[in-house]
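Asks: quick check, what structure comes out for this input:
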Amino acid sequence: MSDSTAGPVIDCLEFARNGGVLDRSVGLNELPRLADLLTTTAGFLSVRLEAWRDDEGKSWLQVDIEGEPVLCCQRCLGGVKFPLDIRSRLQLMAPGEEWPDEDLADDGADAITAEEALAVLSLIEDEVLLALPIAPRHEQCESPLAKASGHGSSPFAALVALKKQ
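Replies: Next up is the predicted model:
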């Protein structure tokens, strides 16, 4: 495992063979694709990667991610905290290894290619992006237009008020 400016990189199969564990705090500002969806990049995610080989010789990677990024509410455009508690179990597939049949595979695990240089931050970012809602919203809030105009939710209500002046 090495650590560059782009974050740690692991050889998946070697990491599993050695029973590797990586505990790390990842700044939200280290995840650029996620940062585009946030109202602030202040804060961290707690990340734990644990790898092993089972009795059948299969290699596995457990990815645990916890945190509370602040997403942009699609209704009011304010910040909405989104608690994350991700637990992903990934089967590491070596080059040339036969991939599991999707119908017969365990629903609690996904398969990924076992890379010799897996960028850990990219994997973390992928897992977080998959866990986020498509359109995050507060349970109750108003659109910014309705708040700003004081004339309800119609943009034309503000024009009517200007016309009367």
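Asks: how near is Leu130 to Ala94?
Replies: Here Leu130 is placed at a distance of 23 Å from Ala94 (Cβ to Cβ, to the nearest Å). Using the backbone N, CA and C atoms, a C-beta is placed for each residue, glycine as well.
Asks: looks like Asn68 contacts Val80 (just checking).
Replies: For residue 68 the amino acid is Glu, not Asn. No - using Cβ atoms under 8 Å, Glu68 makes no contact with Val80, being 10.4 Å away.
Asks: the more surrounded of the two?
Replies: Val80 (20 against 12; other Cβ atoms under 10 Å).
Asks: residues in contact with that one?
Replies: 70-73, 136-138 (Cβ atoms under 8 Å, 6 or more residues apart in numbering).
Asks: could you turn the buried ones of those residues into a ChimeraX selection?
Replies: To isolate the buried members of the contacts of Val80 in ChimeraX, using 16 or more other Cβ atoms under 10 Å:
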select :70,71,72,73,136
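Asks: export the contacts of Val80 as CSV, with columns for distance to Val9, secondary structure and pLDDT.
Replies: Below are the contacts of Val80 laid out as CSV (distance: Cβ to Cβ, whole Å; DSSP: H, G, I helix; E, B strand; the rest coil; pLDDT from 0 to 100):
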residue, distance to Val9, secondary structure, pLDDT
Val70, 29, strand, 95
Leu71, 28, strand, 94
Cys72, 31, strand, 91
Cys73, 35, coil, 91
Pro136, 31, coil, 90
Arg137, 37, coil, 87
His138, 38, coil, 87
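Asks: which among the contacts of Val80 gets closest to Ile86?
Replies: Leu71 (15.0 Å; Cβ to Cβ).
Asks: what pairs with that closest one across the strands?
Replies: Leu38, Val80 (DSSP bridges).
Asks: I'd say Trp52 and Trp60 touch.
Replies: Yes - using Cβ under 8 Å, Trp52 makes contact with Trp60 at a distance of 5.6 Å.
Asks: who touches both of those two?
Replies: With Cβ under 8 Å, 6+ apart, Trp52 and Trp60 have common neighbours Ala16.
Asks: nearest spatial neighbour of Cys12, skipping sequence neighbours?
Replies: Ala114 (4.0 Å; Cβ to Cβ, 6 or more residues apart in numbering).
Asks: any figure for the gap between the one you found and Lys164?
Replies: Distance from Ala114 to Lys164, by Cβ to Cβ: 69 Å.
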